[in-house]
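Asker: No sequence on hand, only this structure:
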């Protein structure tokens, strides 16, 4: 697994087993997830050792604070750092929460978290449950779907086991979504896979294809070429759009300069006309007296 903290500048694509796992809980119900997505409710789709993926396919790194319709980053470094101070945001919410779910990470972390925060949450008169992060995420999904006033504080599990059956099912879904793809297709079977591969470096594309279709297999090499064509197509469209914006900007600038020039010329002509209407009278000479003398 890549060290995300030390490799901040390195590209990370969302594909396959992210860290030790990126597989949803076995009790997750797809129909509920679809309904929640339609209602724009927060729902956690998968749990991994580096973060959480929502049903809208976005991946959130590290610990998170989850609310019915929004998600925030939760800055705690380890399960032992889950303290009453780290939960103050949940205590201040109005109306008061019906229940606060705390995902301690692994099951082995539950006891230490319970000792640290249990008394403080009880004092705040908020219902709470301290579970491992996978169970806490699943429970949050169901309670949120029921319309309860619920929130969750989730810490990624350090050790997340994904059995071969789950891993094979996930890879099969990815492979099925990409088989038969051509360079002009924009639909894939897995969330943001297209954006991740088209935005990454060449070495990541090849590694991803080898991970799905096998190391240096004919299908893997074929898909490498397909994705490279996609990348070229995206780059061409991006360059064309950039050129169009530049031309539009240049045209707008030219029109603006022309408008300013015409406005200045119009003002100059107007001032000249106003000056032309003023009669010329010599100093000390009364025009009315002059006309009488004549």
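Answerer: Right, received. Where do you want to start? Small disclaimer: the values here were computed from a predicted structure and weren't measured.

Asker: Now the phi/psi pair for residue 51, please.
Answerer: phi 160, psi -160 (degrees, to the nearest 10).

Asker: Distance of the residue lying closest to it once chain neighbours are set aside relative to residue 48?
Answerer: For residue 51, ignoring the flanking residues on the chain, the nearest one in space by C-beta to C-beta, 6 or more residues apart in numbering is residue 61 at 4.2 Å. C-beta: built from backbone N, CA, C; applies to glycine. Residue 61 sits at a distance of 10 Å from residue 48 (criterion: C-beta to C-beta, to the nearest Å).

Asker: and what of residue 75?
Answerer: 19 Å.

Asker: For these two, indicate the residue with more neighbours.
Answerer: residue 48 (23 against 10; other C-beta atoms under 10 Å).

Asker: who's that one bridged to?
Answerer: Here residue 48 shows beta-bridge partners residue 51, assigned using DSSP bridges.

Asker: And it, what's its pLDDT?
Answerer: Here the pLDDT value assigned to residue 48 is 84.

Asker: Would you check that it makes contact with residue 154?
Answerer: No - between residue 48 and residue 154 there is no contact under C-beta atoms under 8 Å: 11.5 Å.

Asker: So which elements touch the helix ranked longest in the chain?
Answerer: Selection of the longest helix in the chain by residue count, based on DSSP state H, yields helix 218-276. The contact analysis (3 or more C-beta pairs under 8 Å, 6 or more residues apart in numbering; DSSP states H and E) places helix 218-276 against helix 193-199, helix 202-213.

Asker: Now the last one: buried residues?
Answerer: With burial defined by 16 or more other C-beta atoms under 10 Å, the residues of helix 202-213 counted as buried are 204-210, 212-213.

Asker: Same question for stretch 114-125.
Answerer: 114, 116-117, 120-121, 124.

Asker: Reformat those as CSV; add pLDDT.
Answerer: CSV is the format used below for the buried residues of stretch 114-125 (pLDDT from 0 to 100):
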residue, pLDDT
114, 94
116, 94
117, 95
120, 94
121, 93
124, 90
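
Asker: quick revisit: check the helices and strands packed on helix 218-276 for me: which has the lowest mean pLDDT.
Answerer: Taking the mean pLDDT of the helices and strands packed on helix 218-276, helix 193-199 comes last: a mean of 56.

Asker: Spell out which helix or strand contains the spatially closest residue to residue 104 that is not a sequence neighbour, please.
Answerer: Distance criterion C-beta to C-beta, 6+ apart; nearest residue to residue 104, sequence neighbours excluded, is residue 113 at 4.2 Å. Per DSSP states H and E, residue 113 falls inside helix 110-123.

Asker: pLDDT wise, what is residue 31 at?
Answerer: Value for residue 31, per-residue pLDDT: 47.

Asker: For my notes, confirm residue 72 occurs in a strand.
Answerer: Yes - under DSSP: H, G, I helix; E, B strand; the rest coil, residue 72 falls within a strand.

Asker: hey, which helix or strand in the chain has the poorest pLDDT?
Answerer: helix 287-293 (a mean of 50; mean pLDDT, DSSP states H and E).

Asker: now residue 70: how far from residue 43?
Answerer: 12 Å.

Asker: Mind checking which of the two has more residues around it?
Answerer: residue 43 (23 against 8).

Asker: Could I get the pLDDT score of that one?
Answerer: So residue 43 comes in at 87 (pLDDT).

Asker: hang on, the earlier thing: what separation is there between the residue nearest to residue 51 and residue 70?
Answerer: 17 Å.

Asker: so where do the strands sit in the stretch 1-150 of the chain?
Answerer: Under the criterion DSSP state E, counting those that start in this stretch, the stretch 1-150 of the chain contains strands at 44-48, 51-54, 59-61, 64-67, 70-73, 99-103, 127-131, 150-154.
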